[in-house]
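In: dropping a prediction and its sequence here:
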Amino acid sequence: AQSVTQLDSHVSVSEGTPVLLRCNYSSSYSPSLFWYVQHPNKGLQLLLKYTSAATLVKGINGFEAEFKKSETSFHLTKPSAHMSDAAEYFCVVSDPGYSTLTFGKGTMLLVSP
Amino acid sequence: DGGITQSPKYLFRKEGQNVTLSCEQNLNHDAMYWYRQDPGQGLRLIYYSQIVNDFQKGDIAEGYSVSREKKESFPLTVTSAQKNPTAFYLCASSMGLNTEAFFGQGTRLTVV
């Protein structure tokens, strides 16, 4: 079965502190994994993707994620949060055995000054 | 400028009326999708299409219909049979079904 669990519905950080958004997945095959960001009333923008190459993936705006097969995790991190990072983040899995992408329910990142 | 265009951005509909949401892409992508987004529920797949003149139901297709007469266009009709149509609707496209998707800016539909 293909599924994604985002472990936190909301994460609050202060500007300048590290960000960690957690994602676990379930897949029967070797999946591709993505993180998307959505600002209010906007579409989704791709942050980064893992497609079975390097397990540490670097994305836009200083974000990165590490694919850990043994833990079935794909957590998103950033060393230092910026106010503009406040948004909703979606972890997505793509399994060759399924026709379409599966989205997590999202994590809202709140950044305080 | 390549991308996906959804129109209109905001749409109001009276109960009992059908309404059509537009989605156009100039990325030359084969696959197109419609998602519905409600607070706290993530994105739910309504319909998707892999090629022209072919489409499949997603997880919540009841009360919706689509067509794919051109590669660039994938309009969604919200019919009066949809019991709770107020939501944010997102259109996306991709090269293939399991590759990264590119999203439009969304249409917010409100039933009044």
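Out: Happy to help now that I have it.
In: check the closest residue to B:Gln41 other than its chain neighbours and give its pLDDT.
Out: In space, and not counting its chain neighbours, B:Gln41 is closest to A:Lys105: 6.5 Å by Cβ to Cβ, 6 or more residues apart in numbering or on different chains. Bear in mind the C-beta positions are built from the backbone N, C-alpha and C, glycine included. Here, the pLDDT recorded for A:Lys105 equals 93.
In: tally of neighbours for A:Lys105?
Out: 15 (other Cβ atoms under 10 Å in any protein chain shown).
In: give me the element it is part of.
Out: Under DSSP states H and E, no helix or strand contains A:Lys105.
In: check contacts around it.
Out: A:Lys105 sits next to A:6, A:9, B:40-42 when contact means Cβ atoms under 8 Å, 6 or more residues apart in numbering or on different chains.
In: now these: which count as buried?
Out: A:6, B:42 (16 or more other Cβ atoms under 10 Å in any protein chain shown).
In: low-scoring pLDDT stretches of the chain, where are they?
Out: This is for chain A. Within chain A, the segments meeting pLDDT under 70 span A:1, A:97-98.
In: should've been chain B
Out: Counting by pLDDT under 70, chain B contains low-confidence ranges at B:1-2.
In: contact distance from chain A - what residues of it qualify?
Out: When proximity is defined as Cβ under 8 Å from any Cβ of the partner chain, chain B approaches chain A at B:4, B:6, B:33, B:40-43, B:45, B:48, B:56, B:58, B:88, B:90, B:92, B:97-106, B:108.
In: which of the contacts of A:Lys105 fall within strands?
Out: If you go by DSSP state E, those have A:Gln6 in strands.
In: now tabulate the contacts of A:Lys105 in TSV and tack on distance to A:Phe34.
Out: TSV is the format used below for the contacts of A:Lys105 (distance: Cβ to Cβ, whole Å):
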residue	distance to A:Phe34
A:Gln6	13
A:Ser9	19
B:Gly40	21
B:Gln41	19
B:Gly42	14
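In: which pair in the contacts of A:Lys105 spans the largest distance?
Out: Spatially, the most separated pair among those is A:Gln6 and B:Gln41, at 12.3 Å (Cβ to Cβ).
In: so which helix or strand takes in the residue nearest to the spatial centre of chain B?
Out: Closest to where the C-alpha atoms of chain B average out (Cα atoms, centre = their mean) is B:Trp34, at 3.0 Å. Secondary structure from DSSP H and E places B:Trp34 in strand B:31-37.
In: from the contact counts, what lies against that strand?
Out: strand B:19-25, strand B:43-51, strand B:87-94 (3 or more Cβ pairs under 8 Å, 6 or more residues apart in numbering or on different chains; DSSP states H and E).
In: 7 Å - rerun?
Out: strand B:43-51, strand B:87-94 (3 or more Cβ pairs under 7 Å, 6 or more residues apart in numbering or on different chains; DSSP states H and E).
In: just say which of those is most tucked in.
Out: Ranked by mean neighbour count, the helices and strands packed on strand B:31-37 are led by strand B:87-94 with a mean of 24 (mean count of other Cβ atoms under 10 Å in any protein chain shown).
In: gap between the closest residue to A:Glu64 other than its chain neighbours and A:Leu109?
Out: Spatially, and ignoring its direct neighbours in sequence, A:Glu64 is nearest to A:Lys58 (4.8 Å; Cβ to Cβ, 6+ apart). Plainly put, A:Lys58 is 19 Å away from A:Leu109 if you go by Cβ to Cβ, to the nearest Å.
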